[in-house]
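Chemist: Okay, here's the prediction I keep looking at, along with the sequence it came from:
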Amino acid sequence: MGGQQATAVQGRPVSRRLEENRAFIESEMGFGKSFGVVIKDLSLDGKAAFLVAIDGFFQGQILNDVIRYLMGLRREELGPVTAERVLTRRLTYIEAERSQDLDRAVERVLSGFTALFIDGEDEVLLVEIRAYPGRMPEEPSLEKVLRGPRDGFTETLLFNSALIRRRLRDPRLRLEVIPVGRRSRTDVCVAYIEDIASPGLVGDIKRQIKRISVDGLPMAEKSLEEFLTGRVKWWNPFPVVRYTERPDIATVHLLEGHVVVLVDTSPVALILPATFFHHVQHAEEFHQDVTIGIFFRFVRWLALLVAWIGIPVWLALALSHDLLPKGMEFIGPKKPGTVPLFLQFILAELGIEFIRMSLIHTPTGLSTSLGIIGAVLMGQLAIQVGPFSPEAVFYGAVSAVAFFAIPSHELAAAVRLMRLALLVLVGVWKLPGLAVGLVANFLLLLRTRSFGVPYLWPLIPLDVEALVHVLLRQPVPIMQHRLQMRRLKDMTRR
């Protein structure tokens, strides 16, 4: 970037008088009031200058070397000291740019750049020697695998983009950064492969991000997602974007034609679009043998069905015991509790939620003990005291375990909410209530779209080849990612 032309002025122009620039910087950034604003006066061969940076955002040793080198410049070596000469002849080994916009200079300094102002120059040099505080990449706790990479996204956007580029050295990979937030100016990166992703989809996502008008993105990726989708689906619990903290998963979706959105300060990437079937896939299936991967995927689908409709179906049959055919009389509680059966499951759902939320807020050292108390003692005492039947506790526990087998936490939360709605309908209308609830669930899924793509694709509309791919884990050499995403590309154009 060294030697590039100065950026156009859109805000307050840089003055040739150094004291005016310094007064603006001190006033705008609260120098002397706000902790961490660093201003260093320099003399470049007798010409006054100053550096401004944010403490903690720069690499101290490199900045000291730059200052020492600049202060040692002599006119006979450099010629007249100008911003252009300093940039092109002495600062070419690091990323730097010129700007005539003071507002842009303030924004860049707050994002980690170091600004150099020189007396008599109407340009400011913006030097990137950033060193954001952050942690090293480590395996995400929500997406663990037995075999496979152990790195994961961090809260630093530069690290995250490097993790993707390390896996995808395609010159057509595009990583476009868009600042969002009038006050936060949070960097949002839109990643896609230019000749694979749908141009219409990419353009639409970038336009929506640029139209966001808000002070900041305090919840990072979640705040951004609500701007992209929340206005049209706040009432719909099913997620239309997929979250991931694994760079390998993000890279696979980029190769399939998806768009990946990264937000600075967040270790979570958004994958767009995402259908219902994307949320049921897990990286572990692809790090195992094909046969084992197919078995894992089958078990995962079974767990999804059990977590979603297992208890409502059993409760509907138990409440309609007189309608059961011969051979199914075993369905139903053998020792009914003192609380009505329907209410037992509602209370069990609430109890499981109490335990789950308590574990989130409990220190790690105590979480195991709390889990044992909640899962074992409370369940056992509920049976012994009498309010609950053993069947209600058992099926509630099975449903809770199946819930944690769903890879996507967002889909699992939606399933839990839909299951609770089904229980209410079954408690009111029994078997007819179950039928009404299942039809309502299906219609909601049918009407949901993720950035123009039908949520139930490739089941509806039916695409047999793609459906086989999402239902059965196939060997990598015969997977038709790009063929499938070409079909998705056509859908996003409609």
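Modeler: It's in. Predicted model only: the values in this text are computed from it and were never measured.
Chemist: so is the closest residue to residue 472 other than its chain neighbours in a helix, a strand, or just coil?
Modeler: Sequence neighbours aside, residue 294 is the residue nearest to residue 472 in space, at 5.4 Å (criterion: C-beta to C-beta, 6 or more residues apart in numbering). (Glycine included, C-beta is placed from N, CA and C.) The assignment at residue 294 comes out as helix when based on DSSP: H, G, I helix; E, B strand; the rest coil.
Chemist: correct me, but residue 294 touches residue 475?
Modeler: No - assessed by C-beta atoms under 8 Å, residue 294 is found out of contact with residue 475, at 10.6 Å.
Chemist: So which of these two has more stuff around it?
Modeler: residue 294 (16 against 9; other C-beta atoms under 10 Å).
Chemist: Please tell me how far that one sits from residue 300.
Modeler: Separation of residue 294 from residue 300 (C-beta to C-beta, to the nearest Å): 11 Å.
Chemist: quick one: residue 190 is in a strand?
Modeler: Yes - assignment of residue 190 by three-state DSSP places it within a strand.
Chemist: what about the residue nearest to residue 472, distance to residue 302?
Modeler: 13 Å.
Chemist: Equivalent analysis for residue 205, please.
Modeler: For residue 205, the distance to residue 302 - C-beta to C-beta - is 35 Å.
Chemist: Contacts for stretch 38-49 next, please.
Modeler: 18, 22, 25-26, 31, 50-55, 67, 70-71, 73-75, 78, 81, 86, 116-120 (C-beta atoms under 8 Å, 6 or more residues apart in numbering).
Chemist: List buried residues within those.
Modeler: Buried by 16 or more other C-beta atoms under 10 Å: 18, 22, 25, 50-54, 70, 73, 81, 86, 116-119, out of those.
Chemist: Among those residues, which lie within strands?
Modeler: 50-54, 116-118 (DSSP state E).
Chemist: Turn those residues into a markdown table, columns for distance to residue 217 and pLDDT.
Modeler: Listed next are these as a markdown table, based on distance: C-beta to C-beta, whole Å; pLDDT from 0 to 100:
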| residue | distance to residue 217 | pLDDT |
| --- | --- | --- |
| 50 | 32 | 93 |
| 51 | 29 | 92 |
| 52 | 25 | 94 |
| 53 | 24 | 91 |
| 54 | 19 | 90 |
| 116 | 30 | 91 |
| 117 | 30 | 94 |
| 118 | 35 | 90 |
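Chemist: Please, where are all the strands along the stretch 151-300 of the chain?
Modeler: 173-180, 186-193, 242-244, 259-263, 269-272 (DSSP state E, counting those that start in this stretch).
Chemist: Mind putting those strands into CSV with distance to residue 420 and mean neighbour count?
Modeler: Output for those, formatted as CSV (distance: least, C-beta to C-beta, whole Å; neighbours: other C-beta atoms under 10 Å):
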stretch, distance to residue 420, mean neighbour count
strand 173-180, 35, 16
strand 186-193, 34, 22
strand 242-244, 23, 24
strand 259-263, 31, 25
strand 269-272, 27, 25
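Chemist: what's the closest of these to residue 131?
Modeler: strand 186-193 (15.8 Å; C-beta to C-beta).
Chemist: Now tell me what touches that closest one from outside.
Modeler: In contact with strand 186-193 (C-beta under 8 Å, 6+ apart) are residues 111, 157, 160-161, 164, 168, 170, 172-180, 202, 205-206, 209, 216-217, 220, 224, 250, 254-255, 257-265.
Chemist: Domain map for this structure?
Modeler: 18-127, 157-274, 287-454 (automatic domain parsing).
Chemist: Endpoint to endpoint, the first one covers what distance?
Modeler: Taking C-alpha to C-alpha, to the nearest Å, the first and last residues of domain 18-127 lie 18 Å apart.
Chemist: can you offset everything so residue one is 11?
Modeler: Okay, using 11 as the starting number, the last item reads as domain 28-137.
Chemist: ok now that domain, how far from the chain's centre?
Modeler: Distance of domain 28-137 from the chain centroid (C-alpha atoms, centre = their mean, to the nearest Å) equals 35 Å.
Chemist: Please report how far the residue nearest to residue 171 when sequence neighbours are not counted lies from residue 198.
Modeler: Excluding its sequence neighbours, the residue lying closest to residue 171 (C-beta to C-beta, 6+ apart) is residue 185, at 5.3 Å. Residue 185 is 11 Å from residue 198, where distance means C-beta to C-beta.
Chemist: cool, residue 167 as well?
Modeler: In terms of C-beta to C-beta, residue 167 sits 9 Å off from residue 198.
Chemist: Please enumerate the shared neighbours of these two.
Modeler: The contact lists of residue 167 and residue 198 share 187, 272-274, where a contact means C-beta under 8 Å, 6+ apart.
Chemist: Same list, those residues, but as CSV with distance to residue 291 and pLDDT please.
Modeler: Output for those, formatted as CSV (distance: C-beta to C-beta, whole Å; pLDDT from 0 to 100):
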residue, distance to residue 291, pLDDT
187, 29, 94
272, 20, 97
273, 23, 96
274, 27, 93
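Chemist: from those residues, which is closest to residue 329?
Modeler: residue 273 (47.1 Å).
Chemist: you'd agree that closest one is up against residue 226?
Modeler: No - with contact defined as C-beta under 8 Å, residue 273 does not reach residue 226; the gap is 11.4 Å.
Chemist: in the stretch 61-210 of the chain, which spans are helices?
Modeler: Remark: helices assigned in the stretch 61-210 of the chain by DSSP state H, counting those that start in this stretch are 70-81, 85-88, 93-100, 112-120, 167-177, 209-220.
Chemist: Tell me where the model's unsure across the chain.
Modeler: Along the chain, the model assigns pLDDT under 70 to residues 11-19, 82-91, 99-104, 143, 240-243, 375-396, 488-504.
Chemist: max-length helix in it?
Modeler: In the chain, with assignment by DSSP state H, the single longest helix is helix 419-457.
Chemist: Give the buried residues for that helix.
Modeler: When neighbours are counted by 16+ other C-beta under 10 Å, the buried residues of helix 419-457 are found to be 420-422, 424-426, 428-430, 432-433, 435-437, 440, 443-444, 447-448, 451, 454-455.
Chemist: repeat for stretch 343-359
Modeler: For stretch 343-359, by 16+ other C-beta under 10 Å, it's 343, 346-347, 349, 351-352, 354-355, 357-359.
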